[in-house]
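*Asks:* next input, structure requested:
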Amino acid sequence: MGQAPAPQTPPPLRAREVEQFAYCAHNWLLARRGVDPEGDSSRRGTAGHKAMGESQTEVEEGKRDYRFAMSTTFQFLGLAGSATFLTLELLYLRATAQHLILLATALVLVAASAALLVLALLSQRKYRQQQRQAGLVPGKLVATDLAGHGALLVDKEWGLTGRPDYVLQTPGGQVPVEVKTGKTPERPHRSHTMQLACYLRLVEAQTGKPPPYGLLTYPDGAFRVEWDDAQRGRLKELLGRIRQAEASGVADRDHENPGRCAGCARRDACDQRLA
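*Replies:* Presented below is the predicted three-dimensional model:
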């Protein structure tokens with residue numbers, strides 16, 4: 001008898017798919033069938049991410065300019081201090097011809113340091129203002145996909161892939177940030193929370209350290225999402241439901257919310273819509 005073929009491992013789920021399924025299982029199925037999203041909200045989201053990515057690039061350039069100016073300022077101050085010390089030493093030895101040159105050099109270096117310090121502070125003010133206007137969370141940037149070139153994170157254990165909008169380094173570890181450009185809700189939508197939970201797990205798998213939390217940002221505020229046992233359980237349960245839907249090929253609408261249907265980007269192609 002021939003040997004039975006080994007069961008094939010299903011392809012990993014994308015974090016975006018998980019968000020679609022959490023929004024509506026039938027929406028996810030339509031996306032799987034190749035139905036493209038329609039409406040202005042999808043286009044606004046893409047344009048908003050692109051604009052934010054451009055702002056983030058400018059902010060990071062501003063940070064580099066600030067660090068360079070501050071570093072050069074302290075180097076000049078160090079040289080000025082050395083020149084001043086030599087001036088005093090030569091004065092003590094009564095070598096007047098040399099001390100005037102050194103003193104003038106020290107004064108020039110101090111003036112240059114002051115000018116660089118002003119430029120550094122202006123650069124800092126500018127990039128912080130850009131950061132606030134763009135709605136970017138302050139912090140040390142580790143990775144970004146806002147401009148569409150982020151590295152793909154993979155978790156083979158949970159069967160997940162995804163690209164967080166950006167990741168920040170904090171004292172407690174790396175924090176993924178997911179950007180939403182639509183209307184700011186009173187509390188984060190479940191579908192958005194589940195998408196961020198995917199990124200929390202992906203960062204954990206990549207770094208080997210659980211992230212302290214994740215951030216969901218909206219135009220008028222941000223929400224902190226904890227990465228705890230309860231959140232892990234919710235994500236695992238949802239992934240299990242998606243795998244069942246994959247196996248059966250069935251994923252019916254799983255809500256009774258007409259407003260959700262009205263805002264769905266695949267509404268026109270849906271045979272189960274409520275609105």
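*Asks:* drop to CA atoms for contacts and neighbour counts, all remaining ones
*Replies:* Fine.
*Asks:* and the residue nearest to the spatial centre of the chain, how far is that from A120?
*Replies:* Centre of the chain computed as the mean C-alpha position; nearest residue by CA atoms, centre = their mean is Y166, 1.6 Å away. Distance, Y166 to A120, by CA to CA, to the nearest Å: 26 Å.
*Asks:* what's E256 in contact with, if anything?
*Replies:* L274 (CA atoms under 8 Å, 6 or more residues apart in numbering).
*Asks:* and the one 5 residues further on, by the same measure?
*Replies:* Going by CA under 8 Å, 6+ apart, C261 touches R267, R273, L274, A275.
*Asks:* switch to 6 Å and redo it
*Replies:* Applying CA atoms under 6 Å, 6 or more residues apart in numbering to C261 gives the contacts R273, L274, A275.
*Asks:* highest neighbour count among those?
*Replies:* Neighbour counts for these, by other CA atoms under 10 Å, peak at R273, which reaches 19 neighbours.
*Asks:* grab the nearest non-local neighbour of that one.
*Replies:* Among residues not flanking R273 along the chain, C261 sits closest, at 5.8 Å (CA to CA, 6 or more residues apart in numbering).
*Asks:* average pLDDT for the helix or strand where that neighbour lies, rounded please.
*Replies:* Assigned by DSSP states H and E, C261 belongs to helix 258-262. Helix 258-262 carries an average pLDDT of 89.
*Asks:* repeat for stretch 223-234
*Replies:* 96.
*Asks:* off-centre distance for that stretch?
*Replies:* Counting by CA atoms, centre = their mean, to the nearest Å, stretch 223-234 is centred 18 Å from the centre of its parent chain.
*Asks:* give me the domain ranges for this structure.
*Replies:* Per automatic domain parsing, the domain ranges recorded for the chain read 47-134, 137-248.
*Asks:* where does this structure dip in pLDDT?
*Replies:* Along the chain, segments meeting pLDDT under 70 span 1-8, 39-43, 86-100, 102-103.
*Asks:* how about the strands of it, start to end?
*Replies:* Secondary structure of the chain (DSSP state E): strands located at 13-14, 140-144, 153-155, 160-162, 166-170, 173-179, 213-218, 221-226.
*Asks:* winner for burial among these?
*Replies:* Neighbour counts (mean count of other CA atoms under 10 Å) averaged over each of the strands of the chain peak at strand 173-179, with a mean of 24.
*Asks:* given it, what are its sheet partners and their directions?
*Replies:* Under the criterion DSSP bridges, strand 173-179 sits next to strand 166-170 (antiparallel), strand 213-218 (parallel) in its sheet.
*Asks:* now that strand, how far from the centre of its chain.
*Replies:* So, by CA atoms, centre = their mean, the centroid of strand 173-179 is 5 Å from its chain's centroid.
*Asks:* and the angle from it to strand 140-144?
*Replies:* Comparing the axes of strand 173-179 and strand 140-144 via axes from the mean of the first three to the mean of the last three CA atoms, to 10 degrees yields an angle of 60 degrees.
*Asks:* could the strands of the chain be laid out in TSV, adding distance to E54?
*Replies:* TSV is the format used below for the strands of the chain (distance: least, CA to CA, whole Å):
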stretch	distance to E54
strand 13-14	25
strand 140-144	11
strand 153-155	22
strand 160-162	21
strand 166-170	13
strand 173-179	14
strand 213-218	17
strand 221-226	20
